[in-house]
Every structure is written in C-alpha cells, then in structure tokens.
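Asker: got a sequence here, can you build the structure:
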Amino acid sequence: MNIYVLLKRTFDTEEKISVNNGVITDDGAEYIINPYDEYAVEEAINLRDEHGGEVTVVTIGEEEAEKQLRTALAMGADKAVLINTEDDLEEGDQFTTVKILEAFFEDKEVDIILGGNVAIDEASGQVGPRLAERLDIACVTTITDIKVDGTTVNIERDVEGDVEKVETSLPLLVTCQQGLNEPRYPSLPGIMKAKKKPLDELEIDDLDLDEDEVEPKTKTTEIFLPPEKEAGKVLEGEVDDQVKELVSLLKTEAKVL
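Answerer: As a prediction, the model looks like this:
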C-alpha cells in the first residue's frame, strides 16, 4: 500500500504561549507534532505492518519542521518530505496548504492518505476534506476505527459522542480522531534508524507552482489569548433565596437573561 500522512508542526498548548502585537512569539515556545496527526502516523504504521507497503510523512513549513518529521520517522514511518516554503511564502491559509499538497500528489499513486481531524493551533478541519475533493477521492472524517480488506474499507467515525459506520473503497483520505489508537513513543533504536531514513526537501518551484497561485484567500486580523477566568461565586442561604440571587446575577452580571 502507498500510505501518506499529512503532518503539521504546531506549538505545544501544554506550554506557556506568549502573544505580542497579535503575533505568537516563537522565542521560548515549544513545537510538537500536532497531536491528532500522531494518531494518523500511528495508524499508517499499523496499516503498513498489516498490509505491507510504505509510509511517507509530508509536511509544509520551514526548516525547523524537520525535527517533527524525524520524530515521525523514529515512530516507524519509512520516508518523509518537507515542502519548504520559508523563502517563497510569507503567510498562507488552508487554500495555500491544499494547493501545494494537490501539486505534490499530482504524480503520486495513492492508496490512503491520513491526517489529523484538526490542528490544535487553528482547528479549522478543512485541509483533509478539501484535499480529497481536489484529488477526487473518497473522504471520511473523525475516524475511530478502520479495517481494510483489499480495496474495501470499513470505518467507524465519531459523530458527537455516537458512532457512524461507513463502507467505502480505496483510494481514500481519512482524518483521525482521539480513540483511534494510542500513538507510540519513539524508541532509542527508532531514533537511531530515523537518522538514516530518507527525508526529501522540496520547494514551491519543484512543484511547478508560482507564488501567486498559492496566495492565501483569508487573512488573520488578530490573535489574542482568552481572558483569565474569574473565581466562581458560591451562593448561600435557602434554596429559594439562592434561585433568586442566581437569576439576578444572570441578568445583571452575566447578561444572559
């Protein structure tokens, strides 16, 4: 099987994030593989081990993203590709990403593409479905189980706490949800092997794309941290009095009534 994984380098939301003048400050920020993409890497490795083939991990970004690609290789992926946009793009959006990936996959034989359900930095969930549309292949999102039998694929997907069962066929693009698997930690032997695995680097020119073809269609106007939550208020006294006070607070302070 020809298996591809879409990977994104995101900042670690478990660490402190600083925003200055509407821009996330890179200094001191920790960057990781987008957690939902880790499920995609793990499932790609499982599918390869079961059905044979090769796992290629692809990301779009700057030189620093090589670290996250090496982590995916250490987990067990076979190859990695960095589409380096550092010198060609000042900014991009989901349209930009899909346009670049469409060009990358133009001459590729694909059985299955896996990606994360969303990226934790922007959480749009658009790249997977939009890419599948451009490649004219089937797409199933938020999957929590997948079984491949020849070209037939049976999938379970999360639908607001319930499960929907889908039967489709290869080629296919899926986006992975929490609960699909438990991503492995890179082992020491895996880390050592990853240093020798192929990591190719491409640029926009290599994909026969011009800068104006990948210009973003949207613009981020502002980035800001949410306000700190105020301490809760404990209501005391008789139940009737508490209800009256609660209604009053919802009207005067929360202004939701």
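Asker: which regions of this protein sit below the pLDDT cut-off?
Answerer: Residues of the chain meeting the criterion pLDDT under 70: 22, 26-28.
Asker: helices of that one, residue ranges please.
Answerer: Using DSSP state H, the helices of the chain run over residues 35-51, 66-75, 94-105, 127-135, 188-194, 239-252.
Asker: what residues of the fourth one count as buried?
Answerer: So the one you mean is helix 127-135. In terms of neighbour count (16 or more other C-beta atoms under 10 Å), helix 127-135 has its buried residues at V127, G128, P129, R130, L131, A132, L135. The C-beta positions use only the backbone N, C-alpha and C, and glycine is treated the same way.
Asker: between the residues you listed, which is nearest I32?
Answerer: V127 (17.9 Å; C-beta to C-beta).
Asker: residue contacts, Q94?
Answerer: Contact partners of Q94, counting by C-beta atoms under 8 Å, 6 or more residues apart in numbering, are S124, Q126, V127, R130, T218.
Asker: same question but for E42, I mixed them up
Answerer: M75, L180, N181, E182, P183, R184.
Asker: tabulate those residues (TSV), appending distance to Q68 and neighbour count.
Answerer: Shown next, in TSV, are the contacts of E42 (distance: C-beta to C-beta, whole Å; neighbours: other C-beta atoms under 10 Å):
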residue	distance to Q68	neighbour count
M75	11	23
L180	19	24
N181	19	18
E182	19	9
P183	13	18
R184	15	15
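Asker: how about TSV for the residues you listed, with distance to T151 added?
Answerer: Formatted as TSV, these follow (distance: C-beta to C-beta, whole Å):
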residue	distance to T151
M75	27
L180	21
N181	22
E182	28
P183	27
R184	28
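Asker: before we move on, the earlier item: out of the contacts of Q94, who's nearest K193?
Answerer: Distance ranking of the contacts of Q94 against K193, using C-beta to C-beta, places V127 first at 29.0 Å.
Asker: per the record, what domains does the protein have?
Answerer: The record, using automatic domain parsing to delimit domains, assigns the chain the ranges 2-214, 230-257.
Asker: can you give me the end-to-end distance of the shortest one?
Answerer: Taking C-alpha to C-alpha, to the nearest Å, domain 230-257 runs 20 Å from one end to the other.
Asker: cool, and stretch 120-131?
Answerer: The straight-line separation of the ends of stretch 120-131 (C-alpha to C-alpha) is 19 Å.
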